[in-house]
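[1] Kindly return the folded structure for what I paste below:
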Amino acid sequence: MLALALLLLWACTFGMPGMREVPSYFDASVMRIDEDKYLGAYVPDVTFTDEGGKKHRLLDFVKGKPTALILAYYTCDSACPILVKGALDATKNLNEDFRVLVLSFDKEDTLDSLKAFKLKLGNVPSSWTFGLMKEEDIKKLTSSIGYRFFYSHRDRVFVHPNVITFLSPEGEVVRYLYGISPKERDLRIAFAEARGSKITKNSFVDLAFLVCYRYDPNTGKYGLNPTVFFGLAGFGLVSLTLAYAFLKPRREVKT
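    Below you'll find the model as predicted:
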């Protein structure tokens with residue numbers, strides 16, 4: 001009896017033999033893109049085929065407008081459709097001065113799987129394009145932007161980063177945004193960065209967002225720029241001090 005009690009006490013303290021959790025040897029952080037290495041790089045002029053069967057050269061396609069590049073695979077039933085749908089919702093109130101290009105990194109994808117994937121998204125604006133690439137072009141493009149992926153046979157899914165890559169009209173990698181729920185604010189700022197110095201009707205709004213928010217490489221998202229925050233706070237404090245100094249003598253004179 002005493003031995004059983006001691007065994008239960010040991011089990012409660014250290015766990016039952018054979019019930020220890022199997023440690024995971026997969027470090028998800030290895031899927032994160034080395035931004036220091038790839039920001040400022042240029043994508044190669046690969047070829048992709050859109051849903052209508054038309055072939056495009058990537059650099060010709062991105063010319064003239066900033067482009068959000070989303071790499072996904074069309075048979076995915078988890079993160080890829082959520083990310084693409086999230087980006088679709090987050091861009092519906094933005095101007096049309098940009099493109100969104102969704103390309104599959106799965107060499108097994110077909111036009112049928114592409115159309116089935118797109119059909120589930122509902123209405124898709126004309127500024128969005130979905131495409132397929134051959135295996136050699138998939139390797140060229142993904143390696144040029146540091147995008148790594150592999151197929152897990154046990155889980156029957158691709159393991160890949162959920163990221164939107166923003167390209168300038170010249171094909172330069174300008175920004176990465178991580179996560180499956182992109183925000184309209186973040187997309188607006190990223191498009192403004194990718195647009196560069198080009199003047200558009202929304203430049204002043206975009207400029208305000210660019211000044212007030214700063215990209216945080218640790219989170220892969222934008223956050224409030226502390227310089228602007230403390231600057232505005234300081235300006236407000238100085239203004240109140242001057243106003244008080246100006247009004248106080250007048251009150252004393254009246255009394």
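[2] Give me the domain ranges for this protein.
    Domain assignment of the chain by the TED database yields the ranges 29-200, 202-248.
[3] okay, those in CSV with mean neighbour count and mean pLDDT next?
    C-betas here are computed from N, CA, C, even on glycine. Supplementary listing: the domains of the chain in CSV, determined by neighbours: other Cβ atoms under 10 Å; pLDDT from 0 to 100:
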stretch, mean neighbour count, mean pLDDT
domain 29-200, 17, 93
domain 202-248, 12, 65
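[4] For stretch 94-105, measure first residue to last.
    Stretch 94-105 has its terminal residues 27 Å apart, counting by Cα to Cα, to the nearest Å.
[5] Could you give the secondary structure assignment for residue 68?
    Secondary structure of residue 68, reduced to three states by DSSP: H, G, I helix; E, B strand; the rest coil: strand.
[6] Next, the contact list for it, please.
    In this structure, residue 68 makes contact with 87, 91, 98-101, 164-167, 187, 190-191, judged by Cβ atoms under 8 Å, 6 or more residues apart in numbering.
[7] what sits against the closest residue to it other than its chain neighbours?
    In space, residue 68 comes closest to residue 100 once its chain neighbours are excluded; the distance is 4.7 Å by Cβ to Cβ, 6 or more residues apart in numbering. The contact partners of residue 100, by Cβ under 8 Å, 6+ apart, come to 67-68, 70, 87, 91, 127-129.
[8] Tell me the one of those nearest residue 215?
    Residue 215 has its nearest neighbour among the contacts of residue 100 in residue 68, at 15.0 Å by Cβ to Cβ.
[9] what about the closest one, distance to residue 76?
    Distance, residue 68 to residue 76, by Cβ to Cβ, to the nearest Å: 18 Å.
[10] Assumed residue 117 was part of a helix.
    Yes. Residue 117 sits within a helix when classified using three-state DSSP.
[11] Any chance you could give me stretch 150-161 in CSV, C-alpha atoms only?
    Once side chains and other backbone atoms are set aside, the C-alpha atoms of stretch 150-161 remain, and they are given as CSV (Å, rounded to 0.1, in the frame of the first residue of the first chain):
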residue,chain,number,x,y,z
PHE,A,150,8.3,21.6,-47.8
TYR,A,151,5.7,18.9,-48.0
SER,A,152,4.9,17.0,-44.8
HIS,A,153,3.9,13.5,-45.9
ARG,A,154,2.7,12.7,-42.4
ASP,A,155,0.3,15.6,-42.3
ARG,A,156,-0.3,15.8,-46.1
VAL,A,157,0.2,19.5,-46.1
PHE,A,158,2.8,22.0,-47.2
VAL,A,159,4.6,23.7,-44.4
HIS,A,160,5.3,27.3,-45.4
PRO,A,161,5.4,30.9,-44.1
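[12] correct me, but residue 111 touches residue 132?
    Yes. Taking contact to mean Cβ atoms under 8 Å, the distance of 7.0 Å between residue 111 and residue 132 places them in contact.
[13] Spit out the residues that contact the two alike.
    Contact criterion Cβ under 8 Å, 6+ apart; residues bridging residue 111 and residue 132 by contacting each: residue 49.
[14] For residue 174, which three-state class applies?
    strand.
[15] what about the strands in the stretch 1-150 of the chain?
    Under the criterion DSSP state E, counting those that start in this stretch, the stretch 1-150 of the chain contains strands at 47-50, 55-57, 67-72, 99-104, 128-132, 150-152.
[16] Columns distance to residue 181 on top of the ones you listed, output as CSV?
    Output for the strands of the stretch 1-150 of the chain, formatted as CSV (distance: least, Cβ to Cβ, whole Å):
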stretch, distance to residue 181
strand 47-50, 26
strand 55-57, 29
strand 67-72, 13
strand 99-104, 16
strand 128-132, 18
strand 150-152, 23
